[in-house]
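Peer 1: whatever this is, show me its structure:
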Amino acid sequence: MTVQQFMSFNEEDVQSIQFFRSSLLTDGLYDDYDEDNRRWENFLIEWLNGSINEEVLLNMHLFFDTFKSDFPVFDTYHRGMQVKTGTTLEPRPLASFSLEPEVARFFAGFSETYGYNQCSGEERYLLSVNGGEALDLSNLLLTLQERTTHQDMIIALEERLWETEVIAPLTSEMLQLVKPHVFPPEPNKIQKMKKVGEPVMFSPKTGIVLKKDA
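Peer 2: Residues are numbered from 1 along each chain as shown. You can find the predicted model right below:
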């Protein structure tokens, strides 16, 4: 976190997240109606649902610094990326990764486990990282799942825990390790080619003409 980012938080912010940390990690009753606990649960709901704005990003910096020593990452973590053609990949202070390679492949466009997740005309990359400063958000969320009764939080957890999310800086050194993600065309996708005025259908696997498109 930069000095400027740190200065954006006042003592009340720090006390609030420290109370949430204590409530989450200390044995005893977890009160999800408490104002501080509810504040950080609502932040997590926004993050998991992708409602990410400048304030949410700033709060993630405080969240990351608060919990990274409680939920460290010891395994390889992965990131899948889809960017517009010609876009330069740039470092980020914090970014989302996953403990599961197939999840990263899904976010890069295709996973044998989760299927296709393509955006037309995009370039797709995979990155795997060992070591470095990282927060095992998925493990934290599993801890929270055991304690909260907040229905919106429970729903968000049920919908997003499969991502096994990790939060970590995306550095320029990491970006030197990215690899293109190449995968087969979508099954049953019709590829048309003009030949003597007649469209034809190709096999996604072999490229062989299957039949004329009726």
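Peer 1: show me the strands in the protein, by range?
Peer 2: Ranges of strands in the chain, per DSSP state E, are 77-84, 92-98, 110-111, 115-116, 122-129, 165-170, 179-180, 200-202, 209-212.
Peer 1: please work out which of those is packed deepest.
Peer 2: strand 165-170 (a mean of 22; mean count of other Cβ atoms under 10 Å). Where you see a C-beta, it was placed from the backbone N, CA and C, and this is true even at glycine.
Peer 1: please save the CA atoms from that one in CSV.
Peer 2: Output of strand 165-170 as CSV, limited to C-alpha atoms (Å, rounded to 0.1, in the frame of the first residue of the first chain):
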residue,chain,number,x,y,z
GLU,A,165,-9.7,-16.6,-5.1
VAL,A,166,-6.3,-15.3,-4.2
ILE,A,167,-5.4,-11.6,-3.9
ALA,A,168,-1.9,-10.6,-4.8
PRO,A,169,0.1,-7.9,-6.6
LEU,A,170,0.4,-8.4,-10.3
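Peer 1: so which elements touch it?
Peer 2: Here strand 165-170 touches strand 77-84, strand 92-98, helix 137-145, going by 3 or more Cβ pairs under 8 Å, 6 or more residues apart in numbering; DSSP states H and E.
Peer 1: could you export the ones you listed as CSV, including mean pLDDT?
Peer 2: Formatted as CSV, the helices and strands packed on strand 165-170 follow (pLDDT from 0 to 100):
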stretch, mean pLDDT
strand 77-84, 94
strand 92-98, 96
helix 137-145, 97
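Peer 1: for Arg21, which of the ones you listed is the nearest?
Peer 2: Proximity to Arg21 (Cβ to Cβ) singles out helix 137-145 among these, at 9.9 Å.
Peer 1: right, I'll call it a day here.
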